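Peer 1: what follows is a predicted structure for the sequence shown.
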Amino acid sequence: MKKILQILFLLLGVLMLPAAAHAQGIYGDVNGDQEVNIADVNAVIDIILDGSESSAAADVNGDGEINIADVNTIIDIILGGGAPNPDDHEYVDLGLPSGTLWATCNIGASSPEEFGDHYAWGETETKEGNYNWNTYKWCEGNEWSMTKYDPTKFWIYDEIELELADDAAFVNWGPSWRMPSAQQYDELCVFCTWHWTTRKGVNGNLVTGPNGNSIFLPAAGYRSTTSVTHEGKRGYYWSRTVDYSQAQYAYGLSFESDDPHFYPQIVGRRAGFTVRAVYVSTADERALHIKQQSLDFGRVFNGVTRYDQLTIINNTNQAVTLTVVTDEPFMLKQGSGSASSITVEVAGNAIAPVTVMFTAGNPGEFNGNVTFQCPALDGGQSVIPVRARVITGDADEHQYVDLGLPSGTLWATCNIGAFKPEDYGDYFAWGETSPKDYYSWDTYKWYKSGINHSGFTKYCNDDLLGYNGFVDDKTELGLADDAAYVNWGPSWRMPTYEQLEELHNYTARSWKQVNGVYGVQITGPNGNTLFMPAAGLRAGSQNVDRGWSGQYWSTSIDEELPNSGIFFTFYSEDWYFFYTKRCYGNTIRPVRATNN
């Protein structure tokens, strides 16, 4: 009977007057009349047969195409079945700076107090048996054999977040839902108050946002076997972001009582955590769009070339091709050169970076647009304003602050490449003195491709990692490879591990927003302060963790693992030392040893 009705609806639709299709808020309401009926079937058929104006609303089933499958989905809705309605799941606005809307229940739960389902990271189905490496979808039986989402491999740099096909929220709840990003969880920790409580006999945290609204996160524990560990005592929730330095881990939220923590979860991706979804509130976010709304290079010294990135996000299943055009003097990176117009192909459910270049010439302010053109974009194109300001001056005239530290170390008030404390500045691979547009071993100055990644040509104390057995036993940067010394002059240095450790041990820190930029304000023993923006890092062509973590190089490599440099990182107010691949691009905050 249903198939007969579908045929009748299709025949009727061809004969009836067309109905305009546009974005709407009711699932299946293509024509925006606040109802789901035969008129919506007609609207989709008009688009298919006549090429009428379309929008993301017509892609009812969220597969990236507008075809007969969308007609069938609407008919199923009319007859009482069909795909899940995103409005079947409630969300709440907590008044967060990003505007993120959080679901009121876990995936698999029908009330806030229910635990819901447990998922291994990157899997979209629950398991009846054990959650271990032998049963994990994206490895070959152990934690060192990841087959997907492994940015630690020498040749992979862009697998940072889950694709839609591996997102448990998208797959189980539909195209309006996502697993939270690392930034969204970090924002939840920083801007909300957490209160350990019991609701309907279930322990968990009541999370209250700046506007007074709240969500309840039950302490659902996690699964590694057929049973749940820490049930009623701790909560474990996956994000969609992998740990870029240790691929067997992914970022997740964990809490015991009212003390939430957000960091890579050491139980590993194979563990079954619960998922609290976030609502994608606009049709643009569910379709093809550009991540950034604008691009600002800030102040640039004349003669300097700066790079920044715009990101194409294709949240459909269909590959697309975009033409990207920029206004001079801004240019687009193309291979080893540049162009004012390029073509970019983006696979379905994928992202693609576009690198914008600016070479500073005569002083003044420069404004232009980067225009993305594609029929799949809303209105056929997306225009991103871009600007830069060229200045002249002495590059050694940089301000510093005395925090009253025991050593007397004076810290710069800005990062290299920045002209205000809240500017991110430039990103440098460890031991390199110039920024670039792609950060990988292939582009790293002190590496040649060798057997089993044994390619280091400087700063290597292990002949197994050195090129043709090269060893120089250098573990600290020389001045010629110190980005602060080279870019700012002889009075400046990159900080040593000891100077960073002193900064950690003798100061107080608080998470703060300065002119819309998040970071850490550091207060020294004498009351003077220093602001360090959460600039993230550059891996491959991607900006990673920008806006919620800081990654700052020291002058040291890891003596036990010389392919890694030591840096300090902070997430909110948590601060610790770690190591990562030398080819990644981190920011640098210089020091000045004496008050010259």
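Peer 2: Perfect, thanks for sending it. Numbering: from 1, shown residues only.
Peer 1: the helix or strand containing Tyr185: what's the following helix or strand?
Peer 2: Element membership for Tyr185 (DSSP states H and E) is helix 182-191. Going down the chain from helix 182-191, the next helix or strand is strand 193-199, by DSSP H and E.
Peer 1: alpha carbons only: can I get that next one in CSV?
Peer 2: What follows is strand 193-199, C-alpha atoms only, in CSV (Å, rounded to 0.1, in the frame of the first residue of the first chain):
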residue,chain,number,x,y,z
THR,A,193,29.1,25.4,37.3
TRP,A,194,29.1,21.7,38.2
HIS,A,195,27.2,20.3,41.2
TRP,A,196,27.4,16.6,42.1
THR,A,197,23.9,15.5,43.0
THR,A,198,21.4,12.6,42.9
ARG,A,199,18.3,12.7,40.7
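Peer 1: strand partners of that strand, parallel vs antiparallel please.
Peer 2: strand 202-208 (antiparallel) (DSSP bridges).
Peer 1: send me the partner strand as CSV with only the CA atoms.
Peer 2: Only the C-alpha atoms of strand 202-208 are listed here, as CSV (Å, rounded to 0.1, in the frame of the first residue of the first chain):
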residue,chain,number,x,y,z
VAL,A,202,21.0,8.3,39.9
ASN,A,203,24.3,10.1,40.7
GLY,A,204,25.7,12.6,38.4
ASN,A,205,26.5,16.3,37.7
LEU,A,206,24.0,19.1,37.3
VAL,A,207,25.7,21.4,34.8
THR,A,208,24.4,25.0,34.9
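Peer 1: gap between it and the chain center?
Peer 2: 27 Å (Cα atoms, centre = their mean, to the nearest Å).
Peer 1: next SSE downstream of that strand?
Peer 2: Past strand 202-208, the next helix or strand by DSSP H and E is strand 214-218.
Peer 1: pull the CA atoms of that following strand into PDB?
Peer 2: Taking Å, rounded to 0.1, in the frame of the first residue of the first chain, the C-alpha atoms of strand 214-218 are listed here in PDB:
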ATOM      1  CA  SER A 214      21.100  23.300  33.100                       C
ATOM      2  CA  ILE A 215      21.600  19.700  31.900                       C
ATOM      3  CA  PHE A 216      22.200  16.500  34.000                       C
ATOM      4  CA  LEU A 217      25.000  14.200  33.100                       C
ATOM      5  CA  PRO A 218      24.700  10.800  34.800                       C
END
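Peer 1: let's number from 556 now, not from 1
Peer 2: Sure thing, new numbering starts at 556, so read that last one as strand 769-773.
Peer 1: okay, the angle between that strand and helix 737-746?
Peer 2: 110 degrees (axes from the mean of the first three to the mean of the last three Cα atoms, to 10 degrees).
Peer 1: the helix holding Tyr740 - contacts with which helices or strands?
Peer 2: The helices and strands touching helix 737-746, judged by 3 or more Cβ pairs under 8 Å, 6 or more residues apart in numbering; DSSP states H and E, are strand 789-797, strand 805-811, strand 814-819. Backbone N, C-alpha and C define where each C-beta goes, glycine included.
Peer 1: mind putting these into TSV with mean pLDDT?
Peer 2: Converted to TSV, the helices and strands packed on helix 737-746 look like this (pLDDT from 0 to 100):
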stretch	mean pLDDT
strand 789-797	93
strand 805-811	90
strand 814-819	76
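Peer 1: and the ones you listed, which is most packed in?
Peer 2: strand 789-797 (a mean of 25; mean count of other Cβ atoms under 10 Å).
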